[in-house]
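1. Predicted model and sequence follow; I will ask about them next.
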Amino acid sequence: MGKVAIFGGTFDPVHWGHLLMAETALSQFGLDKVIWIPARCPPHKSQSCWLDFEHRWELVRLAICDRSAFAILPRSCQPIGYSYAIDTLEDLQSLYSHTHLCWIIGLDAFQTLPRWHRRQELVPACEWLVAPRPDAFGNSSVDSLCQQVAQKLESQSIAIRWQALQMPSVGISSSLIRQYYRQGRSIRYLVPEAVRTYLQLQVSSHPDN
């Protein structure tokens, strides 16, 4: 039985913080592979994404292409319409039927788990690897917040397995990169160079820039 992690998100756009999360999970937990899944139409987002799905998918592909332990879910496997985590999990369970599945997730998203669609089935089906957020004060704060989530889920009769990623807190966010891009500021060293080049060449005419 191998160990595979799911790493879902909007990746709007992908940046070095995302890559550090995936690499930390890979080495800390001895994973065989991390499967990146850019969400086509995430139901939890009240506003549309800055970048179209095709751009976000291609940016992730460029960001991870030199790391053989990273893979991206093919565009053809992404459903049209809202992307629910449980649907993604069920699809991957059929592909990796004898694999220990993990889910890489940021602390902010992890705290919303008690409200996720079909959480009774989703949450116990994999192990959750939680990354700290930039304003978290040490591992003790992360552990305390994760315990609170576990207690809320327990009150719903949902068991969860989770572990915290042991990684530095990185103050890079997709929203910061979007802000810098709109202001004409440099995003060099915030994103992989291939991502920066693609944005300059392909997204310079985006209406929201």
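-> Sure thing, it's come through. Numbering: from 1, shown residues only.

2. Please report the number of neighbouring residues for Q78.
-> Q78: 18 surrounding residues under other C-beta atoms under 10 Å. Every residue, glycine included, has its C-beta placed from N, CA and C.

3. how far away is it from E121?
-> Separation of Q78 from E121 (C-beta to C-beta, to the nearest Å) stands at 20 Å.

4. all strands of the chain, in order?
-> Here the chain has its strands, by DSSP state E, at 3-9, 33-38, 70-72, 100-106, 127-131, 161-164.

5. Buried ones in the shortest one, by neighbour count?
-> Going back to what we said before, that points to strand 70-72. Neighbour-count burial for strand 70-72, with 16 or more other C-beta atoms under 10 Å as criterion, is recorded at 70, 72.

6. Just checking: what are the partner strands of it?
-> As defined by DSSP bridges, the strand partners of strand 70-72 come to strand 33-38 (parallel).

7. then the strand it pairs with to PDB, C-alphas only?
-> Extracted C-alpha coordinates of strand 33-38, given in PDB (Å, rounded to 0.1, in the frame of the first residue of the first chain):
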ATOM      1  CA  LYS A  33       3.000  11.100  -4.700                       C
ATOM      2  CA  VAL A  34       1.100  14.400  -4.300                       C
ATOM      3  CA  ILE A  35      -1.800  14.900  -6.800                       C
ATOM      4  CA  TRP A  36      -2.500  18.600  -7.400                       C
ATOM      5  CA  ILE A  37      -6.100  19.400  -8.200                       C
ATOM      6  CA  PRO A  38      -7.000  22.900  -9.300                       C
END
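
8. Just want the angle from it to strand 100-106.
-> 50 degrees (axes from the mean of the first three to the mean of the last three C-alpha atoms, to 10 degrees).

9. hmm, who's touching strand 33-38?
-> 2, 4-11, 22, 25-26, 53, 56-57, 60, 64, 69-73, 78, 88, 92, 104 (C-beta atoms under 8 Å, 6 or more residues apart in numbering).

10. same question for it, mean pLDDT?
-> Strand 33-38 shows a mean pLDDT of 96.

11. now that strand against strand 127-131, angle please.
-> Using the same axes, to 10 degrees: strand 33-38 against strand 127-131 is 70 degrees.

12. Next, the buried residues of strand 33-38.
-> Residues 34-38 are the ones in strand 33-38 that count as buried (16+ other C-beta under 10 Å).

13. Of the residues you listed, just say which sits nearest to S141.
-> Checking the buried residues of strand 33-38 against S141 with C-beta to C-beta, the nearest one is V34 at 25.2 Å.

14. for that closest one, which residues make a bridge with it?
-> A5, F70.

15. I'd like to know how far it sits from R119.
-> Separation of V34 from R119 (C-beta to C-beta) stands at 23 Å.

16. From the chain's centroid, how far away is the helix ranked longest in the chain?
-> Determined from DSSP state H, the single longest helix within the chain is helix 138-155. The chain centroid and the centroid of helix 138-155 are separated by 19 Å under C-alpha atoms, centre = their mean, to the nearest Å.

17. Next, the buried residues of it.
-> For helix 138-155, the neighbour count (16+ other C-beta under 10 Å) marks 142-143, 145-146, 149-150, 153 as buried.

18. Output those residues in a markdown table; the columns should cover distance to H98.
-> Formatted as a markdown table, the buried residues of helix 138-155 follow (distance: C-beta to C-beta, whole Å):
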| residue | distance to H98 |
| --- | --- |
| V142 | 31 |
| D143 | 31 |
| L145 | 33 |
| C146 | 28 |
| V149 | 29 |
| A150 | 27 |
| L153 | 26 |
